[in-house]
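Novice: make a model of this:
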Amino acid sequence: MLAAAVLAIAGCSPDRAATYYPGYVEGEYVRVASPLSGTLIRLAVERGTQVAQGAPLFSLEDAQERAARSEAEARVRQAQATLADLEKGRRPPEVAAVRAQLAQAQASLVQSEADLARTRKLVADRFLPPQQQDAAVAARDRDRARVAELVAQVRVANLPARGDAIAAASAEVRAASDALSQAQWRIDQKSQAAPAAGLVDDTLYRPGEWVAAGAPVVSLLPPGNVKVRFFVPEAQLATIKAGDAVTVRCDGCAQDIAARVRFIAPQAEYTPPVIYSRESRSKLVYLVEARPEVPVAALHPGLPVEVTLAAPAR
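Specialist: Numbers count the residues shown, from 1 in each chain. Okay, here's the model as predicted:
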């Protein structure tokens, strides 16, 4: 029909057809959806209302996602506690117990060294057999080894865990934190806000309905997404290029609307099949899209308009 109107204008007024073309307004809608499925529990907007950027649009039930976040938070706390325990070493009471054992061993060493000194004197004076001195030396060496063992245990008790164990615990903390971030992201995706200010063109679900993952719930039309579509005959196509200024008129518009060509279709459109002869090429039309330089509230999708090309500069 639009192509026929273009041809009719071309036949009635050749001069006017070179600059005046019929068209209509169309919108590029933003269909807001959640990547997750769920029951729609809240629809915050109605059709025909204007919303600001960031305004809440709808919410899906998220009980399962909140439970998953609570579990992830608990796992983060558990992993952090394990890492902190490995970094601190033993508890103070455990270290104190080892120190007490060391004190006992040191006292035993003092006693065994004194016994060894007396035994050596008695053996030298032939009051005791040499075997008694050997026994005293063995007791002294045993107590020395025990003291050395407990000194090492005290040092180990004050050390953190091995580096590999700490690295593994740190990795567990990071993994748990990432799982918590994923759980929070899933909760955030259950509620969607307006990505841009605009008109609520349609709401596709009602509260209580099941919404599939990725299914649009609200359709928005930002002011900058309104465009004008018109058709240009093949003969005039060479006179138009992207960026050209055009003037748009509509019934009820207070004044002309300035717009610029943004797109020219690479393929022709036509009604009943034609043969590409010199006589039939005049029936071909090409789709051209233009966007207003400033958003105009009067331009509604489906509104018929008239488009006039700006006069070429001389």
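Novice: which neighbours in the sheet does the longest strand along the chain have, and how are they oriented?
Specialist: Using DSSP state E, we find that the single longest strand of the chain is strand 257-269. If you go by DSSP bridges, strand 257-269 pairs up with strand 245-249 (antiparallel), strand 285-292 (antiparallel).
Novice: just give me how far the longest one sits from the chain centre.
Specialist: To tie it back to what came earlier, the one meant is strand 285-292. Here the centre of strand 285-292 is set off from its chain's centre by 36 Å, with Cα atoms, centre = their mean, to the nearest Å.
Novice: can you check the first one too?
Specialist: The gap between the average C-alpha position of strand 245-249 and the chain average comes to 41 Å, counting by Cα atoms, centre = their mean.
Novice: what's in contact with that strand?
Specialist: 228, 256-261, 290, 292, 299, 305-310 (Cβ atoms under 8 Å, 6 or more residues apart in numbering). For the C-beta atoms, the positions are set from N, CA and C on the backbone; glycine is no exception.
Novice: any chance of JSON lines for the strands paired with strand 257-269, columns mean pLDDT?
Specialist: JSON lines is the format used below for the strands paired with strand 257-269 (pLDDT from 0 to 100):
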{"stretch": "strand 245-249", "mean pLDDT": "92"}
{"stretch": "strand 285-292", "mean pLDDT": "90"}
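Novice: to residue 233, which of those lies closest?
Specialist: Residue 233 lies closest, by Cβ to Cβ, to one member of the strands paired with strand 257-269: strand 285-292, at 5.6 Å.
Novice: now the strands for the stretch 101-250 of the chain?
Specialist: 191-193, 198-203, 210-211, 216-221, 226-233, 245-249 (DSSP state E, counting those that start in this stretch).
Novice: which stretches of the stretch 1-150 of the chain have low pLDDT?
Specialist: Applying pLDDT under 70 to the stretch 1-150 of the chain flags the ranges 1-19, 89-91.
Novice: need the helices for it, in chain order.
Specialist: 2-12, 14-17, 63-88, 92-124, 130-157 (DSSP state H, counting those that start in this stretch).
Novice: tell me which of those helices lies nearest to residue 251.
Specialist: Of these, nearest to residue 251 by Cβ to Cβ is helix 2-12, at 15.4 Å.
Novice: where does the stretch 201-314 of the chain dip in pLDDT?
Specialist: The low-confidence ranges in the stretch 201-314 of the chain, as defined by pLDDT under 70, are 270-283, 311-314.
Novice: highest neighbour count among the contacts of strand 245-249?
Specialist: Using other Cβ atoms under 10 Å as the neighbour test, those are led by residue 290, with 28 neighbours.
Novice: who does it form a beta bridge with?
Specialist: With DSSP bridges as the rule, residue 290 is bridged to residue 228, residue 261.
Novice: I'd like to know how far it sits from residue 30.
Specialist: 20 Å (Cβ to Cβ, to the nearest Å).
Novice: and for residue 180?
Specialist: 31 Å.
Novice: cool, and residue 143?
Specialist: Going from residue 143 to residue 30 by Cβ to Cβ gives 84 Å.
Novice: so which of these two has more stuff around it?
Specialist: residue 143 (21 against 17).
Novice: OK, contacts around the nearest residue to that one once chain neighbours are set aside?
Specialist: Leaving aside its sequence neighbours, residue 143 sits nearest to residue 109 (Cβ to Cβ, 6 or more residues apart in numbering; 3.9 Å). If you count contacts by Cβ under 8 Å, 6+ apart, residue 109 has them with 140, 143, 144, 146, 147.
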